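Novice: Starting from these lines, generate the structure:
(chains A and B)
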Amino acid sequence: MQSEKRTDSISAARLISSCLVLVALSLHFFAIVLYAMPINPVSVRAQNSVSRYVEPIFYQNWRLFAPEPVDSERGILLRVRLRRDRHSIETTDFIDITSPKISDLQATRFFPNLRYRIVASMLAAIHYRDPVRLRLQDLDEYTAECYSHVENIDLNGEVSNEECAVDADAIFTPPIRELMRSFAYAGLRHIAPEVLDVALSELDTTVLVEAQLRIVHSEPVPFSRRNETSHARYPIIMDSPWLQILPL
Amino acid sequence: MAPNPAAVTVRPWMRNFLADVLQRLWCQRYCMYGISLLRIGYGVSWLMIAFTNYRDRHYLWGPDGSYSYELFRQSARFPNYSLYQLSSDRLFFELVYHMGIIVTLLFIFGTFGRSISLLQLVFVASLNYRNPIILDGGDNIAFLVLFWLVLADSSAISTRLKRRTKPCSTPCIPVITLLHNVAITAIITQLVLLYFLSGLYKAQGSPWYEGTALYYIFQALEFSWPPLTDALRDSLIFGLLASYVTIFFQISVTVGLLRPDTCKQVLDTACTQVASSAEHRSEEPDACFEIVGSNTMWSSAFVIDAHKKQAAAAVANDGRSRVVNTVAQLARRLVVESTAAS
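Specialist: Numbering: from 1, shown residues only, chains lettered A, B, ... in the order given. The predicted model follows:
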């Protein structure tokens, strides 16, 4: 009898524990579904509380080339401005710090070099728009205005961003600027130290070093024009503000 | 003596049924070889990424890398969320990075059991949070799977190779078994969500349902692989088929993962390869079944006490799925027990 009682109590404890685990697991994945599913009235309403639970550890995003696939060639150029003395400021040419890595990427498909992802992620950060605002048609049109079409391709030419001066702060928000500054800084140290014609060790705080990133897009050839050999892919470029990157 | 309330309020068939479910949850570890393979595959992949990017480690994750230490500190959600947060010293970075590689090696070999899985989680999370801007969907699912893998018993293959004994041949600790089964369930659910939601997003995009998505994706150099993608890009039939197959596969893989037959076909191959490397293969025909069993458990939580080999033979003989068999047995049992009760 004692043995039966003990077995029953163990079974009851296991049943209760199993139910608790099942409920916890169900709640967990319910929160994940609400967080990761396409935008809808329920997920919008629960967004704040669900994000607080999901994002620290269980962040996930399964859009994966959807609904709109990635479709443009993208790259980033870098140039710097040096003040060598009180009267002269020297500006270097732009140097491409991403395209050379494309061939490396294509050569190692299974375990690729992760460098190129930085460019893609930075562009994604710049172009990120809140999906709820997009759905509500509260969409700013500043992006298009801030790009400049360059038809005679000279990526080192000057591009005027004056027309979007008002909205530049909206695009290059403080976090984006900080990200770009970090990227430019690392680019000078690790990818293109030759942009600076002085050794990094010789730089000190008396030499003003500012960097500017030029983001280059090539629009895709529309599907309907895929057979038109004359269709050119003009680059679209956007310059960041000058970013102070000292001290190195 | 007062009667046991459970014995009075719960009908016998329900009682047996619950006992059976509890027995399976607490006393039988599922997917032992599958999860072990997963651990090894995960470790090897992670090691390859660490080696492929070894020369660029400072640029990608270092204190003066593309995601600066200051930026990293500002964006960190909790104090010490990543080991790299503890110091901006270059030597410290090197130490942690190389320790991560050593931990991954131990993780692949299954040394120290769950402890090493936990350490692997800590090092992977540290590296992921050090530079979140280089993460993609693959890193995302890998981390989520690793999180649950810590709870699972993934030592089957290493135990088998070391001691030449069946995994869990000694009595298993019930709580650990429950955690293992919960981890398996969570991993499968997470994979189902990945595919289903990804398919759902694609079904919303006009380039996908118009069949032009791959045409546009292949124009981006980072996703092209000339000359293969150049040739495929202009094929109307390929573009349309590939788009639709992708959507269909991603949405329907949910059903596929829930059907044990589908999993059996996929996993039997891997299992056979692993089992053939072991000396006592003939002693363990159930190994493959254990892998399939995890999916069975998930899909039909109300599995009745069908004997493993009989059920497997039934599936093989008459081609019916195990779910069908299980439901049929459940129905038979209910009829028999309700007749006996009345």
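
Novice: three-state assignment of B:S88?
Specialist: Going by DSSP: H, G, I helix; E, B strand; the rest coil, the secondary structure assigned to B:S88 is coil.

Novice: Show me where chain A dips below the pLDDT cut-off.
Specialist: Low-confidence segments of chain A, defined by pLDDT under 70, are located at A:1-7, A:71-72, A:84, A:100-109, A:127-170, A:193-208, A:230-234, A:246-248.

Novice: For the residue in it that chain B sits nearest to, give me its contacts.
Specialist: Using Cβ to the nearest Cβ, the single residue of chain A nearest to chain B is A:P67, 2.9 Å away. C-beta: built from backbone N, CA, C; applies to glycine. Residues in contact with A:P67, defined by Cβ atoms under 8 Å, 6 or more residues apart in numbering or on different chains, are B:201-202, B:204-208.

Novice: taking the residues you listed one by one, which sit in helices?
Specialist: Residues from the contacts of A:P67 lying in helices, with DSSP state H as the criterion: B:201-202, B:204, B:206-208.

Novice: And the next helix or strand past the lengthiest helix in chain A?
Specialist: If you go by DSSP H, chain A has its longest helix at helix A:2-36. Sequence order places helix A:41-58 as the next helix or strand after helix A:2-36, per DSSP states H and E.

Novice: Give the partner strands of the very next helix or strand once past that following helix in its sheet and their orientations.
Specialist: Secondary structure here is assigned by DSSP H and E; on that basis, the next helix or strand after helix A:41-58 toward the C-terminus is strand A:73-83. Pairing partners of strand A:73-83, with direction, according to DSSP bridges: strand A:89-91 (antiparallel), strand A:95-96 (antiparallel), strand A:208-218 (antiparallel).

Novice: And chain A, split by domain according to the record?
Specialist: A:2-58, A:73-244 (automatic domain parsing).

Novice: before we move on, back to that, ranking the strands paired with strand A:73-83 by burial, who's on top?
Specialist: When the strands paired with strand A:73-83 are scored by mean count of other Cβ atoms under 10 Å in any protein chain shown, the highest mean neighbour count falls to strand A:208-218 (a mean of 20).

Novice: CA atoms only: put that strand into CSV for me.
Specialist: Provided in CSV are the C-alpha atoms of strand A:208-218 (Å, rounded to 0.1, in the frame of the first residue of the first chain):
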residue,chain,number,x,y,z
LEU,A,208,42.3,66.3,-37.9
VAL,A,209,41.1,63.1,-39.5
GLU,A,210,37.6,62.9,-40.8
ALA,A,211,36.1,60.2,-43.0
GLN,A,212,33.3,60.1,-45.4
LEU,A,213,31.5,57.1,-46.7
ARG,A,214,30.0,57.0,-50.1
ILE,A,215,27.2,54.4,-50.5
VAL,A,216,26.7,53.2,-54.0
HIS,A,217,23.7,51.3,-55.3
SER,A,218,23.1,49.9,-58.8
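
Novice: Next one: the helix or strand that comes right after that strand, is it in contact with chain B?
Specialist: Using DSSP H and E, the next helix or strand after strand A:208-218 towards the C-terminus is strand A:235-239. No. Under the criterion of Cβ under 8 Å from any Cβ of the partner chain, chain B is not reached by strand A:235-239; the shortest gap measures 13.2 Å.

Novice: wait, does the following helix or strand past strand A:235-239 contact chain B?
Specialist: Reading on from strand A:235-239 to the C-terminus, the next helix or strand found by DSSP H and E is strand A:243-244. No. Contact of strand A:243-244 with chain B (Cβ under 8 Å from any Cβ) is absent, the minimum separation being 12.0 Å.

Novice: Strand partners (parallel or antiparallel) of strand A:243-244?
Specialist: Strand pairing (DSSP bridges) places strand A:243-244 next to strand A:208-218 (antiparallel).

Novice: Burial check on B:Q74, number of neighbours?
Specialist: Neighbourhood size, B:Q74 [other Cβ atoms under 10 Å in any protein chain shown]: 10.

Novice: Can you give the contact residues for the helix or strand hosting A:A120?
Specialist: Using DSSP H and E, A:A120 sits in helix A:115-127. If you take Cβ under 8 Å, 6+ apart as the criterion, helix A:115-127 is touched by A:70, A:74-76, A:98, A:101-102, A:104-105, A:143, A:171-172, A:175-176, A:179-180, A:183, A:191, A:215, B:56, B:59-60, B:66, B:133-136, B:222.

Novice: Report the contact partners of residue 57.
Specialist: Chain wasn't specified; assuming chain A. B:F147.

Novice: not what I meant, chain B
Specialist: Contact analysis of B:R57 by Cβ under 8 Å, 6+ apart lists B:Y97.
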